[in-house]
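Trainee: The following block contains a protein sequence and its predicted model.
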Amino acid sequence: MATDRWNVDLVRAHVFISGRVQGVSFRAYTRDRAREAQVKGWVRNLSDGRVEAVFEGPRPAVQKLISWCYSGPSQAQVERVEVHWEEPTGKEGVFSIVW
């Protein structure tokens with residue numbers, strides 16, 4: 001676990017979301033929520049139908065984003081959320097959609 005200059009616990013979560021999560025603006029909503037929370041990282045669609053995301057930032061903000069992933073946008077039907085905690089790298093930029 002890392003800390004920033006304000007002594008806030010920084011965490012990194014690598015998340016995989018399964019269900020009806022593509023074609024329902026899941027990535028765009030995730031990007032917008034992450035930017036509002038000032039969490040860094042990225043989100044993308046996977047060829048197997050899942051959505052993958054990396055959230056890096058203060059623990060409360062990252063945990064709130066993970067909680068949101070269990071429901072996602074109103075059109076989504078989330079079946080499973082897998083979270084893998086990793087060491088923060090400090091190298092993530094503004095949260096974005098990657099291809």
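Mentor: Now that the structure is in, tell me what you want to look at.

Trainee: Only C-alpha atoms from now on, for both contacts and neighbour counts.
Mentor: OK.

Trainee: Next, residue 12: secondary structure please.
Mentor: What DSSP: H, G, I helix; E, B strand; the rest coil gives for residue 12 is strand.

Trainee: Was I right to think it contacts residue 54?
Mentor: Yes: look at residue 12 against residue 54 with Cα atoms under 8 Å: they come within range, at 7.0 Å.

Trainee: who's more crowded, the two?
Mentor: Neighbour tally, residue 12 and residue 54, criterion other Cα atoms under 10 Å: the higher count belongs to residue 12, 27 against 22.

Trainee: For the nearest residue to that one once chain neighbours are set aside, give me the pLDDT.
Mentor: Spatial nearest neighbour of residue 12, excluding adjacent residues (Cα to Cα, 6 or more residues apart in numbering): residue 56 at 4.3 Å. Turning to residue 56, the model gives it a pLDDT of 97.

Trainee: Likewise for residue 8?
Mentor: 71.

Trainee: And it, how close does it get to residue 58?
Mentor: Counting by Cα to Cα, to the nearest Å, the gap from residue 8 to residue 58 is 6 Å.

Trainee: for residue 67, same thing?
Mentor: Counting by Cα to Cα, the gap from residue 67 to residue 58 is 14 Å.

Trainee: which of those two has more neighbours?
Mentor: Taking other Cα under 10 Å, residue 67 and residue 58 do not tie; residue 58 has more neighbours (21 against 12).

Trainee: So that one sits against residue 39, correct?
Mentor: Yes: using Cα under 8 Å, residue 58 is in contact with residue 39, at 7.4 Å.

Trainee: Now list whatever residues contact both of these two.
Mentor: When Cα atoms under 8 Å, 6 or more residues apart in numbering defines a contact, no residue borders residue 58 and residue 39 alike.

Trainee: where do the strands sit along the protein?
Mentor: 2-3, 9-20, 40-45, 51-58, 77-86, 96-97 (DSSP state E).

Trainee: Is residue 54 in contact with residue 34, as I believe?
Mentor: No: counting by Cα under 8 Å, residue 54 stays clear of residue 34, with 10.2 Å between them.
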